[in-house]
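Colleague: how does the following fold in three dimensions:
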Amino acid sequence: NSRGASSLLKDSVPVADFSVSGPFEGHDLLRRGFTSVKNELLPSHPLELSEKNFQLNQDKTNFDTLRNIQGLHAPLKLQMEFRAVKQVQRLPFLHSSNLALDTLRGNDGSIGFEDILNDPSQSEIMGEPHMMMEYKLGLL
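Modeller: Here you go, the predicted structure:
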């Protein structure tokens, strides 16, 4: 009788052959976790990445120019000032305009997109001050 069972197993198709591969492969949630469409999106336009990194590229160009004109000390001093100004902020429940950072960059006299249509996460809705301070201090 065991001989009959082995012949049945020999003729059967292995389970590994049923695995789907290619463009129609199923997502294995236990091994790979949840999918995020946002992480899989590619830029829709070639200039999108350039626009996202505009301020970073602008600062880099300004630092390179400043280094060529005045030497190594000038961009280092300016970077230290940027870092110091970024650390100074208002309490967490108040919106910080970073006016000193804009002044250092020379953007204090111009009105841009972010001045009118700002990030929705920085809306004018005020939260509970005590809860936000406790969260920032790590008490919650």
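
Colleague: can we go C-alpha only for contacts and neighbour counts from here?
Modeller: Noted.

Colleague: neighbours of Ala100, how many?
Modeller: 16 (other Cα atoms under 10 Å).

Colleague: excluding its backbone neighbours, what's nearest it?
Modeller: Spatial nearest neighbour of Ala100, chain neighbours left out: Val85 (6.5 Å); criterion: Cα to Cα, 6 or more residues apart in numbering.

Colleague: chain center to stretch 72-90, what's the gap?
Modeller: Distance, stretch centre to chain centre, for stretch 72-90: 22 Å (Cα atoms, centre = their mean, to the nearest Å).

Colleague: and stretch 87-100, how far apart are its ends?
Modeller: The first and final residues of stretch 87-100 sit 11 Å from each other (Cα to Cα, to the nearest Å).

Colleague: could you give me the average pLDDT of that stretch?
Modeller: Average pLDDT, stretch 87-100: 80.

Colleague: now do the buried residues in that stretch.
Modeller: Using 16 or more other Cα atoms under 10 Å as the test for burial, stretch 87-100 gives 92-93, 100.

Colleague: in helices only, show me those.
Modeller: Ala100 (DSSP state H).

Colleague: could I get the buried residues of stretch 87-100 as JSON lines with distance to Pro129?
Modeller: As requested, the buried residues of stretch 87-100 are arranged in JSON lines below (distance: Cα to Cα, whole Å):
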{"residue": "Pro92", "distance to Pro129": "8"}
{"residue": "Phe93", "distance to Pro129": "6"}
{"residue": "Ala100", "distance to Pro129": "24"}
